[in-house]
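Asks: what would the 3D arrangement of this be:
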Amino acid sequence: MKVKTYMVSVDYGRGGVYCDKEKEKIIILIVSILLGGALLYSGAWLYYYYAVCLPHMPAESYGFAIDEYLPQSSGGTYYTADIGDKYWFGCYYVPHFGNFHCSFTITTSTGIDDDHCIINEDGSVDYIPYEMSGSDFSVSMGGTFGFDGKFKDYGFNVSRVTETHRGAYLVLNANGELLNEDEQDAYGLALYREALPELMEFIETANTMTGVTE
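Replies: Below you'll find the model as predicted:
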C-alpha cells in the first residue's frame, strides 16, 4: 500500500506584509481624523475671534485699554475703562487661541468715606458703603458672546446697598425677562422687580458699547 504525503507551506512573509498594510491604514485614518479635528477646531476659533470678538470690542472713544493693574490670565486679555459719569467699571475680555469665552462685564463702584459713617459712643467709626452712582443697588453684570455675535444672556449679581450680605443671581434676556425665575425665592423676585429699570440700563449700555443689535 502506498501512502501519499502532502507538503503544506505557509507564506508568513505575505501575511506580515498584509498586517503591516492594515496597521498603516489605521494609522493614516487616525492621523487624518486628528488633523481634521484640529483644522475644524482652529477654523471655529478663528471665526469666533475675527467675526465675533474683535468686531464687538468697544470703540476707542470709550477709552478701553489693556488693564496694567488687573492680573492677566493665560486664557485672554482684559480691556477696561470707566464708563462715563455713572461710576461704572467696564471690562471687555478677549480670549487667546483655543478659548471661546469672549465677554463684557459692567460693575458698579462702591464708595467708603467719612461722609458716610457713624461715630459710636466709644469713638469708633462704622463706615457705611454706598453706591457712587447714587443707586440703591450694587450690581455686577456679565454677558458672553455666542457665535451669532450676540450675548447669550445677561447674568446679574444684585444686592441692595443696605443689604450687601444678601443678594440674588438673575439671568435676563435682552427684553429684561427673567430666565431663571424657577431658581428665585420671594426675596430674589422682589429684588428683580425693584431693580429691573436699572438692570435694563445695564443691558442697553452693554449693547451700545459693543455694537450688539437685537
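Asks: against Tyr93, how distant is Leu29?
Replies: 39 Å (Cβ to Cβ, to the nearest Å). The C-beta positions use only the backbone N, C-alpha and C, and glycine is treated the same way.
Asks: tell me which of those two has more neighbours.
Replies: Counting neighbours by other Cβ atoms under 10 Å for Leu29 and for Tyr93 shows that Tyr93 has the greater number, 21 against 10.
Asks: now that one: which helix or strand?
Replies: Assigned by DSSP states H and E, Tyr93 falls within strand 88-95.
Asks: avg pLDDT for that strand?
Replies: When pLDDT is averaged along strand 88-95, the result is 94.
Asks: which element follows the biggest helix by length in the chain toward the C-terminus?
Replies: Identified as the longest helix of the chain according to DSSP state H is helix 12-47. Note on helix 12-47: by DSSP H and E, the next helix or strand toward the C-terminus is strand 65-66.
Asks: mind giving me the packing neighbours of that following strand?
Replies: Strand 65-66 is packed against strand 76-83, with contacts defined by 3 or more Cβ pairs under 8 Å, 6 or more residues apart in numbering; DSSP states H and E.
Asks: strand partners of the strand it packs on, parallel vs antiparallel please.
Replies: strand 65-66 (antiparallel), strand 88-95 (antiparallel) (DSSP bridges).
Asks: mind checking which of those strands is nearest Ile33?
Replies: Closest of the strands paired with strand 76-83 to Ile33 is strand 88-95, at 25.8 Å (criterion: Cβ to Cβ).
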